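# Okay, sequence plus prediction incoming.
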Amino acid sequence: MEGELEKRNRQPEDFQQEIKRLIEDNQLDLATKRVMDFAEDFAYKKRKYEAVNFQRRYTELREDKRKSSYSEETLREKFSGLTFSILEFVDLIVEEYRKNYSPILTLVPAKEDKNKPHSKYNQKDNTINV
């Protein structure tokens, strides 16, 4: 139950960092799967299709490597290109998400209420008392 709640509270930047770590650890298969999860949670429909394409490209490259369809250098370049494309894609989704869905906080003067403890952030109306 706690793990499910943690999963629901994840922010796009959490996925962004996880995907980056997976790529750094050369776990492209898992990274492409996480990109699909990430897009499902935070992206527009078109972006979700792009995420599926990353998985397809990775699978295709693995097959090319297995068949020795390309030289090692060419395969390295193709994997590198895929890696950079994934990182740029993830950055784009975070940027789009933050542009469209970040809460806009409103500053309002604090109300004097001696019976309540002073709290600056009011979740109910998304304001910060100053």
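Noted; the coordinates are in hand.

# and residue 100, how many neighbours does it have?
Neighbours of residue 100 under the rule other CB atoms under 10 Å: 8. For glycine as for every other residue, the C-beta is placed from the backbone atoms N, C-alpha and C.

# And residue 61, by the same measure?
18.

# ranges for the helices of the protein?
2-8, 12-24, 28-42, 45-67, 72-101 (DSSP state H).

# Who are the packing partners of the second one?
Going back to what we said before, that points to helix 12-24. helix 28-42, helix 72-101 (3 or more CB pairs under 8 Å, 6 or more residues apart in numbering; DSSP states H and E).

# give the contact list for the closest residue to residue 93 other than its chain neighbours.
Sequence neighbours aside, residue 43 is the residue nearest to residue 93 in space, at 4.8 Å (criterion: CB to CB, 6 or more residues apart in numbering). By CB atoms under 8 Å, 6 or more residues apart in numbering, the contact set of residue 43 is 51, 93, 96, 97.

# Can I get stretch 37-51 as CSV, trimmed to CA atoms?
Output of stretch 37-51 as CSV, limited to C-alpha atoms (Å, rounded to 0.1, in the frame of the first residue of the first chain):
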residue,chain,number,x,y,z
ASP,A,37,5.7,4.4,-18.1
PHE,A,38,6.8,8.0,-17.8
ALA,A,39,5.0,9.1,-21.0
GLU,A,40,1.9,7.2,-19.9
ASP,A,41,1.8,9.2,-16.7
PHE,A,42,2.9,12.7,-17.8
ALA,A,43,2.8,13.1,-21.6
TYR,A,44,0.3,13.9,-24.3
LYS,A,45,-1.0,11.2,-26.5
LYS,A,46,1.4,11.9,-29.3
ARG,A,47,4.3,11.7,-26.9
LYS,A,48,3.1,8.3,-25.7
TYR,A,49,3.5,7.0,-29.3
GLU,A,50,7.0,8.4,-29.4
ALA,A,51,7.8,6.5,-26.3
